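Student: pasting the sequence and the predicted model now:
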Protein chains: 2
Amino acid sequence: MEDEQSAGATATTSGLGKHDNGVHDNPEVLGSTSNGISSLEQPLLRRNTTLTANHLAIVGAKVSHIESLDYEIIENDLFKHDWRSRSNVEVLQYIFLKWALAFLVGLLTGVIASLINLAIENISGIKMIHMVQLVRDKRYWTGFFYFSGFNLALTFVAAVLCVVFAPTAAGPGIPEIKAYLNGVDTPNMFGAPQLIVKIIGSICAVSSGLDLGKEGPLVHIGACLANLLSQGGAGRFRLRWKWLRYFNNDRDRRDLITCGASSGVCAAFRSPVGGVLFALEEVATWWRSTLLWRTFFSTATVVVVLRGFIEVCRNGRCALFGEGGLIIFDVGDVTVNYHLNDLIIVTLVGVIGGLLGALYNHLLHKVLRLYSLINGKGRMAKLALALAVCVFTSAGLYVLPFAVPCTPCDPALGAACPTNGMSGNFKQFNCPAGHYNDLASLLHATNMDATRNIFSTGTSGEFRLDSLLIFFAIYCVLGLFTFGIAVPSGLFLPIILMGSAYGRIVALVLQDVARIDHGLYAVLGAAALMSGSMRMTVSLCVIFLELTNNLLLLPMTMFVLLIAKTVGDAFNPSIYEIILDLKGLPFLEPNPEPWMKDITVGELAAAKPRAISLQVVERVSTIVHVLRNTGHNGFPVVDRPRPGLSELHGLVLRSHLVAVLNKRWFLTEKRKTEMWEARERFSAVELADKSYKLDDAELTQEEMDMYVDLHPFTNTTPYTVVETMSVAKAVVLFRSVALRHMLIMPKYQGPEITPIVGILTRQDLRAHNILDAFPNLANKKMAQ
Amino acid sequence: MEDEQSAGATATTSGLGKHDNGVHDNPEVLGSTSNGISSLEQPLLRRNTTLTANHLAIVGAKVSHIESLDYEIIENDLFKHDWRSRSNVEVLQYIFLKWALAFLVGLLTGVIASLINLAIENISGIKMIHMVQLVRDKRYWTGFFYFSGFNLALTFVAAVLCVVFAPTAAGPGIPEIKAYLNGVDTPNMFGAPQLIVKIIGSICAVSSGLDLGKEGPLVHIGACLANLLSQGGAGRFRLRWKWLRYFNNDRDRRDLITCGASSGVCAAFRSPVGGVLFALEEVATWWRSTLLWRTFFSTATVVVVLRGFIEVCRNGRCALFGEGGLIIFDVGDVTVNYHLNDLIIVTLVGVIGGLLGALYNHLLHKVLRLYSLINGKGRMAKLALALAVCVFTSAGLYVLPFAVPCTPCDPALGAACPTNGMSGNFKQFNCPAGHYNDLASLLHATNMDATRNIFSTGTSGEFRLDSLLIFFAIYCVLGLFTFGIAVPSGLFLPIILMGSAYGRIVALVLQDVARIDHGLYAVLGAAALMSGSMRMTVSLCVIFLELTNNLLLLPMTMFVLLIAKTVGDAFNPSIYEIILDLKGLPFLEPNPEPWMKDITVGELAAAKPRAISLQVVERVSTIVHVLRNTGHNGFPVVDRPRPGLSELHGLVLRSHLVAVLNKRWFLTEKRKTEMWEARERFSAVELADKSYKLDDAELTQEEMDMYVDLHPFTNTTPYTVVETMSVAKAVVLFRSVALRHMLIMPKYQGPEITPIVGILTRQDLRAHNILDAFPNLANKKMAQ
């Protein structure tokens, strides 16, 4: 994928204030670039170009040049011939491979998730046990330095890996996956370095006690695995297996990455149906019934692997690995009875959850803007930021428990209170015998254990209100300031921690009227905050259903989720949309803006430079010139069979032209090749190879004077719209059919009319870009 | 909707062997109809028309004329003006109403489902108690006649209602809903008579002991409610509320009917997430994220209503209504441990389940073909068939328990064995004290109770193998012969009954190696057979998860479902697809056939008569002539601004033309109306009114010589394709964007070229119809 960026002319890019050498997929460069290359088809009147596009985006923590993906099937002669000549055996190979890869994605995601859990539980377990011992010996300062030092070292490893080897592995990766599945190629996102850094970085970052989860990284790991499997490996170590060539296209890779993302969610929450629904509701843009089934197959595999792993680690065979942080909250045996009072409180939980979620989104947006300035200053700045956040976190986690008094143990609990190990609800910490420190129970544990403690049922008297308020406050601050640092981090767990504390606080404040267990309120609070921030409903609901294993809680969870989402939507978009926007990823929204009905694609095309088109039999020099001087990824091919009659023959891709030049498939005279001739000389597999580069061609002057017959390479059936089509409808078409280029045909039929009016790409159809060019449209009122 | 069929010319229809007066939405009539009307634009060479379409289908149990739905937004001048003039208050009204209607759909579906359950439990309860009493008194013949008579009377009521008042209410209704959401209008399907007949008919049919469920009918009831609510009521009693005019379009109605269908599934299985997923996986064709949320809101409402109802009926306050047939199988407290043996057996259950499911589909297909011949003979034949099946069922249910010996009760069970009431696992029937008849426990109960009995855990010794075999055999026969009769019937329960018996038989045969509880095997057997027949995975899995309330069973359920579906798919399509095909509903499949790549839309258009187009300013007499003599629902509008230059202005709908004629919006001279003039004279609301009829217009000769300016009514932005587009891509576009008409533009640009090549509709893009016209395509090999 990196190859797509290699060739090309200098293009003016805006937005992030940087200039970059790169390839564009919309024909806007000729006639408008700063180096003043003259247009090939001189327009009589140079139009005032206003529709601009930004081709830079932040992928992970790295500013990258982005491209669109070719999800559309390029139906050219060679492809059709190749497709027709496929034997039934090859078709079966393809189907088998599709399923085998889905299985492998699930299997490997399950294994890696298990190993990550194992590593985290053991590393942070060792850390905790020593730290607790030092505190018990009253060596408070030694304990602090041990704790902070340990965390700092872990964070350092995670951050260095991220900063030096794979900047795109920072953050959760979910926005980038969402963009990829929407059709935006995010370079260096799904490779082997990303996978390795993500795994090690995630282990270190979570073990270091930072307020982040492994959920987002697991989704990214699933997607990386899917991509690597579909390519047969990474870089030089790539398998050149013949079967894999069927997967050498963006469509099949997209499907597999969807499976990978679902597997990741499933591995994070042990929630197979929730994983599928998460992919469906939040991540994927296009969805088919068959994909539902394949995704489900992957997540089923993950669940079986995780189950097997827990079985193996039962009875302490995996050192400090207990329940593996997998079943977070099983309340399958709790009977829930609804009372009117509780319904009112639950409504309150939903409303406040929605407000808090929206506020969190708003503040996180500000923090991320600030962080992007800091991170922009270079590697050292990124590293310093990560370490600073780690020190702050360690200090907070270590010191705060000293601020609350000890609580005497309830004698009914027996040996369960107090404890000194790494887990347990009642940590003794610095307290005398028979007492426990409730805040230490929450702060001196892995995030996963903290969640389990705060979710636990039948413990309504365990936590003091002031401890919960301190916990909530520190995790609000940490949740805002941890997310943007350059380590692999997930958003789920911070929000769950905040939300569960918030739920318990509400239950404690209203304990005279609240009759449901406080642990359940913690769950509802977590659900409310997640819904208020992430704005998912069905998938969250299923994830919570599968986490709690209690169907009776379902109606209440639904209720809270719906209220929180509604309240949140009144203020700002979901956190993923905010991040996508912040990163500058050109995500195509599902619904067109209302004002898009008031502008036609013709008007849009008029605001761009004229499209550059090629003749069906074109001189090599012209092709080279066009490729060198424009950044477009697709060129309309026109034909003039006889005077007065013209035809839009189709669309030819840059990558195919580059392959043709490299393979020197030239003709000495200007003629059309015969079908059989073309098929003998050209092969669809060679054409699909994207590793060719324009500069490698090194053509002689003699070759430059030769011709290329574009007939066999031209996609003769591109999707077209008439210039009078409203942009609203064009956007629906563009997104529904997953296009990269949309050709605009003239409205009139007659002589002297060029058969193509223009060409639109993803960037041209984004609301933001259109509004820049046509600011008066923004005044139109809103409507759903 | 009925109005669409009123006007029109005689058309040749084929397929069901009937001729019918009706309206077509594809331009194929002129020049090819039997009454030989001359074409308006005389073609020089009359083409050999071969692409034909069938406009009849079986809706419920009635042969009806079908139409396509206008899911596309008709962007004409008036619509745009109306849309622009909408105030913010109106937009808020619309949003509020959308949610209020989704809530009402859920609420009413929940209430009706509760009432149906209440009625069924009480009616069949009374029947059973008396019958058991008669058997206890050894009055076997009286018992038989009482039992059969009771059943016969109930079946008679259900069948008469269906046959006389609402033939479309027969069957489950799910295939018709599926077709409707795919864009096929199924007339008289979602009205008030259908709703009432479905409710009463379903109560009677289920109470009469027929082998059918209330699940399918509940889905239909939800859809009917949604449709009626969106229209503000039925027929004369319709609310003319101003707000409802926003819902006077096929798009919003489609969304609401999706909510209704989900609510129905949710009400049937008390499975809110399963309901949403069922709609997503099986029923709906188009799906948006926002719809996911709204559907979920509806099902959440249903669950709350059902819960409230169970709460009210607790402690026997609803007579014989026990647990309401809602929680069928709660095994939340059973611990499942997997062993390798079980995995092998479970695989076996899946494979055989898939085979049995495919066999069931095959046989049901044959039976339905036979039944359609019988049902075609008239009302009395339908009635006789229903009654015959009822007599056979009653005889079987009553007599068979006598064939098995009595089993002594396990003393450990205490008072639970034997029982004489309507429920209970151990029915005494004709046995001496301390004994029970295991077959009577299954057959002398409502289908719901039978399922509960056979699913019950910890009862591995309860059922004898011969009893289970008899039960399985009789329900296989009944399942095949009951479905097609003219009463409201669901497919879920018959398959669940068959499958659970099959699962128990496997467990009993292999009891030496099987370690899981036999009740769980019954569940797995039911899942396998459902998946083998219906081929759903994710939604079935979630439904079973919500039924069993046991997450630990999930991986195994998944495994069985995937295997059974894979095996079943190797033999035939899913049962719903078979029924859709049998009924002749023109369902558009999600994926194009592989051979569709080898034909272009231009070739398809050439196999049809020429499209009839109108001028932008057209004579009234021409419009009347076209409307009278063709059945098309859309006409291309062309313009010739100056000689040699032509333009495809857009598409005008038949319903709009009829409204224009009725409102007499004529011009005395041939001129274009000004924007302001048009907006003053015409209103978008009047235009959208579909109740106008062509014959009501009664135009004078003077009026016939006047003109109509079509500018304000023409949808200027129809979706177009170029004639070289392959049919495969055109099908994807047609289905993705939910079109009714697809206009074909010429490939060449030049003088003397007409701006429109043809027009394609749903019927033209169906694989079956294309293969009729181009039989050579069928020889191409298959590929996925």
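Tutor: Looks like it came in fine.

Student: report whether stretch A:616-629 contacts chain B.
Tutor: No: remark: stretch A:616-629 sits outside contact range of chain B, by CB under 8 Å from any CB of the partner chain, the gap being at least 13.0 Å. Every C-beta, even on glycine, is put in place using the N, C-alpha and C of the backbone.

Student: would you point out which residue of the stretch 351-500 of chain A is nearest chain B?
Tutor: Residue of the stretch 351-500 of chain A nearest chain B, by CB to the nearest CB: residue A:354 (14.1 Å).

Student: check which helices and strands the host helix or strand of residue A:224 sits against.
Tutor: Counting by DSSP states H and E, the element that carries residue A:224 is helix A:215-231. Applying 3 or more CB pairs under 8 Å, 6 or more residues apart in numbering or on different chains; DSSP states H and E, one finds that helix A:215-231 contacts helix A:88-136, helix A:174-182, helix A:192-207, helix A:250-269, helix A:492-509.

Student: picking that back up, the residue of the stretch 351-500 of chain A closest to chain B - that's part of a helix, no?
Tutor: Yes: when classified by DSSP: H, G, I helix; E, B strand; the rest coil, residue A:354 is found to be part of a helix.

Student: which of the helices and strands packed on helix A:215-231 sits most buried?
Tutor: Most buried of those, by mean neighbour count (mean count of other CB atoms under 10 Å in any protein chain shown): helix A:250-269, with a mean of 28.

Student: give the next helix or strand downstream of that helix.
Tutor: Heading C-terminal from helix A:250-269 (DSSP H and E), you reach helix A:272-278.

Student: now that following helix: average pLDDT?
Tutor: For helix A:272-278, mean pLDDT is 87.

Student: and for the residue of the stretch 351-500 of chain A closest to chain B, the neighbour number?
Tutor: Counted by other CB atoms under 10 Å in any protein chain shown, the residues lying close to residue A:354 total 28.

Student: that older thread, chain B: which of the helices and strands packed on helix A:215-231 is closest?
Tutor: Closest to chain B of those is helix A:88-136 (CB to the nearest CB; 4.7 Å).

Student: the closest one packs against which elements?
Tutor: Under the contact criterion of 3+ CB pairs under 8 Å, 6+ apart, helix A:88-136 touches helix A:140-160, helix A:192-207, helix A:215-231, helix A:250-269, helix A:289-313.

Student: export these to CSV and tack on distance to residue A:278 and mean pLDDT?
Tutor: Formatted as CSV, those follow (distance: least, CB to CB, whole Å; pLDDT from 0 to 100):
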stretch, distance to residue A:278, mean pLDDT
helix A:140-160, 25, 94
helix A:192-207, 18, 93
helix A:215-231, 8, 91
helix A:250-269, 4, 90
helix A:289-313, 10, 83
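
Student: and those as CSV, adding distance to residue B:68?
Tutor: Putting those into CSV (distance: least, CB to CB, whole Å) gives the following:
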stretch, distance to residue B:68
helix A:140-160, 57
helix A:192-207, 48
helix A:215-231, 39
helix A:250-269, 29
helix A:289-313, 22
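
Student: for stretch A:643-656, what is the average pLDDT?
Tutor: Here the average pLDDT along stretch A:643-656 is 86.

Student: extract the CA atoms of the helix holding residue A:224 and return them as CSV.
Tutor: What follows is helix A:215-231, C-alpha atoms only, in CSV (Å, rounded to 0.1, in the frame of the first residue of the first chain):
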residue,chain,number,x,y,z
GLU,A,215,-9.9,-3.5,24.2
GLY,A,216,-9.1,-1.0,21.5
PRO,A,217,-5.6,-2.5,20.8
LEU,A,218,-7.1,-6.0,20.6
VAL,A,219,-9.4,-4.8,17.9
HIS,A,220,-6.4,-3.4,16.1
ILE,A,221,-4.5,-6.6,16.6
GLY,A,222,-7.4,-8.6,15.1
ALA,A,223,-7.4,-6.3,12.1
CYS,A,224,-3.6,-6.5,11.7
LEU,A,225,-3.8,-10.3,11.8
ALA,A,226,-6.5,-10.3,9.2
ASN,A,227,-4.5,-8.1,6.9
LEU,A,228,-1.2,-10.0,7.3
LEU,A,229,-3.0,-13.3,6.7
SER,A,230,-4.7,-12.0,3.6
GLN,A,231,-1.3,-11.0,2.2
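
Student: tell me how far that helix lies from the chain's centre.
Tutor: 11 Å (CA atoms, centre = their mean, to the nearest Å).

Student: same check, this time on stretch A:257-272
Tutor: 13 Å.

Student: next one: stretch A:469-487
Tutor: On the basis of CA atoms, centre = their mean, the separation between the geometric centre of stretch A:469-487 and that of its chain is 22 Å.

Student: surely residue A:638 touches residue A:617?
Tutor: No: contact between residue A:638 and residue A:617 fails when scored by CB atoms under 8 Å: they sit 11.4 Å apart.

Student: in stretch A:567-577, what counts as buried?
Tutor: A:567, A:568, A:572, A:573, A:574, A:575, A:576, A:577 (16 or more other CB atoms under 10 Å in any protein chain shown).
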